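>>> What follows is a predicted structure for the sequence shown.
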Amino acid sequence: MAKSVFITGAAAGIGRVTALKFAAQGYTVGAYDIDEAGLTSLHEEITALGATAVTGHLDVTDNDEMIARLDEFVAAAGGRLDVLINNAGILVAGAFEEIPISVQHKMIDINCRGVVNGLHAAHPHLRRTPGSVVVNLASASAIYGQAELAVYSASKFFVRAMTEALDVEWGPQDIRVISMWPLYVQTAMTDGVSIGTTKSLGINLTADDVANDIMSAIEPSLLRRRLHQVHFPVGRQATLFAAGSRFSPAWLTRLLNKRLAGTD
């Protein structure tokens, strides 16, 4: 029986490219989003690869809908949920006080509440599937709070903490929980974003870069398995920042972030 993967925010960007890569590996792909037109074309692409696609509308902030979509997908996939990818998220950048509070709350709802909903609804299915894996899309902004990305960055710290806690809690149940830490990625999410750190660091990663690293993290090297790597930085910049943060004193990390953000 084919393995299965359930992906939120799958109609475009990282989610879409990741769905196609899993399809190419023969997985039964569950692709869910609020963008139903995007899902229709994705369904056609997955089918053209000879894989099975199950697509449908999903607002990740709606827990009842999350439960229903996961139950439907797992039934269609023969009772398996090998991989859950909590990918849905939004980013709004700018001075904290200038972003409407309703927009700040929406980021929290999608980026935090949506992940909690996905994890909670998926757990019974993950537990019944030997060797299952959860992939949470975090960000390099979970290394240190980012100016002009305060709420987005905080939401990714939330994802980081959830990943660490559940990796410990669910490990004895044979469920790995990991997170991906990309810097800025060339997708619709970053269109029009121009803040201090995008100017100093650029927007260099592609959705393909992130999707490739997700595929590698699902089946990690022997060394990564023995070290029990939980967080996977994506790209050279994120890898350097993540490594540096382990050894840098807090004052130096703060100074570096100020300079990158152009707030000196």
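Now that the structure is in, tell me what you want to look at. Remember, predicted model here, so these are calculated numbers, not experimental data.
>>> Low-confidence ranges, this protein, go.
Flagging of the chain using pLDDT under 70 yields the residue ranges 264.
>>> which residue ranges form the strands in it?
Under the criterion DSSP state E, the chain contains strands at 4-8, 28-33, 53-57, 83-86, 132-137, 175-182, 231-234.
>>> For those, give me TSV that also has mean neighbour count and distance to Met215.
From N, CA and C alone the C-beta is placed, and that goes for glycine too. Output for those, formatted as TSV (neighbours: other Cβ atoms under 10 Å; distance: least, Cβ to Cβ, whole Å):
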stretch	mean neighbour count	distance to Met215
strand 4-8	27	10
strand 28-33	29	13
strand 53-57	19	18
strand 83-86	27	10
strand 132-137	24	10
strand 175-182	24	11
strand 231-234	22	11
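>>> now those strands as TSV including distance to Asn111?
Shown next, in TSV, are these (distance: least, Cβ to Cβ, whole Å):
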stretch	distance to Asn111
strand 4-8	11
strand 28-33	15
strand 53-57	19
strand 83-86	10
strand 132-137	9
strand 175-182	13
strand 231-234	17
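>>> Can you check which of those gets nearest to Ala147?
Nearest to Ala147 among the strands of the chain is strand 175-182; the distance by Cβ to Cβ comes to 18.3 Å.
>>> what's the neighbour count on the residue lying closest to Ala95 once chain neighbours are set aside?
Leaving aside its sequence neighbours, Ala95 sits nearest to Glu148 (Cβ to Cβ, 6 or more residues apart in numbering; 6.5 Å). Using other Cβ atoms under 10 Å, Glu148 has 21 other residues around it.
>>> I'd assumed Ala261 was in contact with Glu148.
Yes: counting by Cβ atoms under 8 Å, Glu148 touches Ala261, with 6.8 Å between them.
>>> Now the common contact residues for the two.
Applying Cβ atoms under 8 Å, 6 or more residues apart in numbering, one finds that Glu148 and Ala261 are jointly contacted by 195-197.
>>> I'd say Phe232 and Met180 touch.
Yes: with contact defined as Cβ under 8 Å, Phe232 counts as touching Met180 (5.3 Å).
>>> Show the contacting residues for the closest residue to Pro182 other than its chain neighbours.
Spatial nearest neighbour of Pro182, excluding adjacent residues (Cβ to Cβ, 6+ apart): Val234 at 3.8 Å. By Cβ under 8 Å, 6+ apart, the contact list for Val234 reads 140, 180-183, 205, 209-210, 213.
>>> thinking Arg16 is in contact with Asp208, fair?
No: contact between Arg16 and Asp208 fails when scored by Cβ under 8 Å: they sit 10.6 Å apart.
>>> neighbour count winner among these two?
Neighbours per residue, other Cβ under 10 Å: of Arg16 and Asp208, the larger number sits with Arg16, 26 against 15.
>>> export the contacts of Val234 to TSV and tack on distance to Val134?
Output for those, formatted as TSV (distance: Cβ to Cβ, whole Å):
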residue	distance to Val134
Ala140	20
Met180	11
Trp181	15
Pro182	17
Leu183	22
Leu205	22
Asp209	21
Val210	16
Asp213	16
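>>> Gln173 versus the residue nearest to Pro182, what's the distance?
Using Cβ to Cβ, to the nearest Å, Val234 is found at 27 Å from Gln173.
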